[in-house]
Structures are given as structure tokens and as C-alpha cells.
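S.K.: just the structure for this:
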Amino acid sequence: MRVNCVGAIIRDDDGRLLLIRRGRPPGQGLWSVPGGRVETGESDAEALVREVLEETGLTVTPGRLVGTVDRPGPGGVVYEIRDYLAEARDGTLRAGDDAAEAGWFADDELVRLPLSPGLVDALTDWEIIGRPSGSNATA
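M.R.: Sure thing, here's the model as predicted:
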């Protein structure tokens, strides 16, 4: 079974990337871009706005599709994640819903975080970040 999901790639005025630490499976304890499932009847843009608000307290404007990845889930589920650029418009950053923490990170800080598998590779392939050096370079 395939599950449609969206992710938001958001940078602040200092160029830092917004990440959330997942508070629940899948990926509990790992840092990733905010996002989640597209609910029945929702467009990707609507799901992106809803998920970012729920997980971070920020209101965003969705931008262009950057890329798509497939990630395995429990019981043979495959999460098809479409990642979009987005711009934060309003709100105060705070972790909510299934996010245990939320924060802004410079690209060179990513190698020190426990990241969702494949996140750095995807962001690098899509030219969102440069190729990192460090222990989590393939995370």
C-alpha cells in the first residue's frame, strides 16, 4: 500500500533549515523536515500548510515541488513523500502534534543530528544543501 505524504523545506532569513524531531513512529527520535500524510480530499498544498502548522506553529506559503522519495513503512507500507519549498509567513516556532522538538539549523549542523534515513542525500541531490562532510554524510 502506498501512502501519499508531503514535506516542507523551509529556510529562515539566516538561511537555516527548519527541522522537527519526530515524537512518534515512523522515525521517532529522528530529525526531518516537517510534513506528513495527505488526507482524503486534500491537495498537496493544503496538506503541507496543515502539517507545518500542526508540527511547528508556523503558517507557510507552499512553493514548487523539489523532489519525491519513497520510504518504507511498517507492514509493507510505502510512504511516497513529495517535498516542496515553502516560506514561513507567520507564527511562533513551537513543537506540536507528533513533533517532539522543532528548530532552525545551519547546513553544517546537520551532520551532528540523528536524521531520518536518506534526508541528507535527498537534500543534496536536490541542491538544497551542499555535500556535507562528517559522520552522517549518508544519513
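
S.K.: excluding chain neighbours, what is closest to the most centrally placed residue in the chain?
M.R.: Centroid-nearest residue in the chain: residue 33, 1.6 Å away (criterion: CA atoms, centre = their mean). Leaving aside its chain neighbours, residue 33 sits nearest to residue 7 (4.5 Å; criterion: CB to CB, 6 or more residues apart in numbering). C-beta coordinates here come from the backbone N, C-alpha and C atoms, glycine included.

S.K.: equivalent analysis for residue 98, please.
M.R.: Once flanking residues are discounted, residue 98 sits nearest to residue 24: 4.5 Å by CB to CB, 6+ apart.

S.K.: isn't the residue nearest to the centre of the chain right up against residue 22?
M.R.: No - contact criterion CB atoms under 8 Å: residue 33 and residue 22 do not qualify, at 10.8 Å.

S.K.: ok now do residue 7, which residues does it touch?
M.R.: 32-35, 48, 81-84 (CB atoms under 8 Å, 6 or more residues apart in numbering).

S.K.: meant to ask about residue 11
M.R.: Taking CB under 8 Å, 6+ apart, one finds 17-18 in contact with residue 11.

S.K.: what do you get if the cut-off is 6 Å, keeping everything else the same?
M.R.: Contact partners of residue 11, counting by CB atoms under 6 Å, 6 or more residues apart in numbering, are residue 17.

S.K.: residue 113 now?
M.R.: When contacts are taken as CB under 6 Å, 6+ apart, residue 113 is in contact with residue 31.
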